[in-house]
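Q: Predicted model and sequence follow; I will ask about them next.
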Amino acid sequence: MTTDLNERYGTGRRSRTDRRLAWILAAAIGALVLFFVWNALFVSNTSSISVRDISHTIEGSDSATLTFGVTAPVNSEVQCAIEALSKTYAPMGYAVVDVPATGSPERVFTKTLLTVNEATTITASSCWIVA
């Protein structure tokens with residue numbers, strides 16, 4: 001009778017394999033969590049850049065002016081993309097602005113952008129560190 005049960009259901013060796021697989025999976029998940037915590041605490045804070053629009057002025061159908069602030073790591077050169085958009089969010093003008101390295105993380109700039117048609121808004125869409 002026990003031989004028939006062993007043939008039908010197995011001898012239980014699979015449970016050791018299942019435990020090993022569970023430990024390996026738990027270790028992989030733990031390593032992944034540690035990686036994300038390390039990345040959030042040490043890597044992201046040293047290379048983070050933020051940009052905010054302070055004010056803008058639409059100066060007719062051929063230009064728009066934007067004043068924007070950039071927060072970047074000290075002594076790092078940054079470039080920012082500036083876009084002028086129509087009321088349907090079509091691009092009316094685009095420029096890349098060089099932000100020089102300074103001893104301060106906060107920098108404020110004003111840029112006048114020529115447009116091909118009347119824009120309704122102008123924004124600093126993104127910034128990145130120049131290598």
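A: Thanks, I have it. Quick caveat, the model's predicted, so the values are computed rather than measured.

Q: what residues are up against G60?
A: Contacts of G60 were listed using CB atoms under 8 Å, 6 or more residues apart in numbering, and they are E118. Placement of C-beta: from N, CA and C, glycine included.

Q: which element is it on?
A: Assigned by DSSP states H and E, G60 belongs to neither a helix nor a strand.

Q: Need the pLDDT of it.
A: Model confidence at G60, given as pLDDT, is 88.

Q: ditto for D53
A: Looking at D53, its pLDDT reads 96.

Q: wait, it sits on F68?
A: Yes - with contact defined as CB atoms under 8 Å, D53 and F68 form a contacting pair (5.2 Å).

Q: of these two, who's got more company?
A: Neighbours around D53 and F68, counted as other CB atoms under 10 Å, are more numerous at F68. The numbers are 23 against 15.

Q: List the buried residues for stretch 75-95?
A: Neighbour-count burial for stretch 75-95, counted by 16 or more other CB atoms under 10 Å, picks out 76, 78, 80, 82-85, 92-93.

Q: Sorry, wrong one. I was asking about stretch 104-119.
A: Using 16+ other CB under 10 Å as the burial criterion, the residues of stretch 104-119 that qualify are 107, 109, 111, 113, 115, 119.

Q: What residues does the fourth one make contact with?
A: Applying CB under 8 Å, 6+ apart, one finds that L113 lies in contact with 63-66, 82, 84, 93-95, 122.

Q: what's the neighbour count on T17?
A: Neighbour count of T17, defined by other CB under 10 Å: 9.

Q: helix, strand or coil for it?
A: Under DSSP: H, G, I helix; E, B strand; the rest coil, the three-state class of T17 is helix.

Q: State the distance from it to W23.
A: Counting by CB to CB, to the nearest Å, the gap from T17 to W23 is 11 Å.
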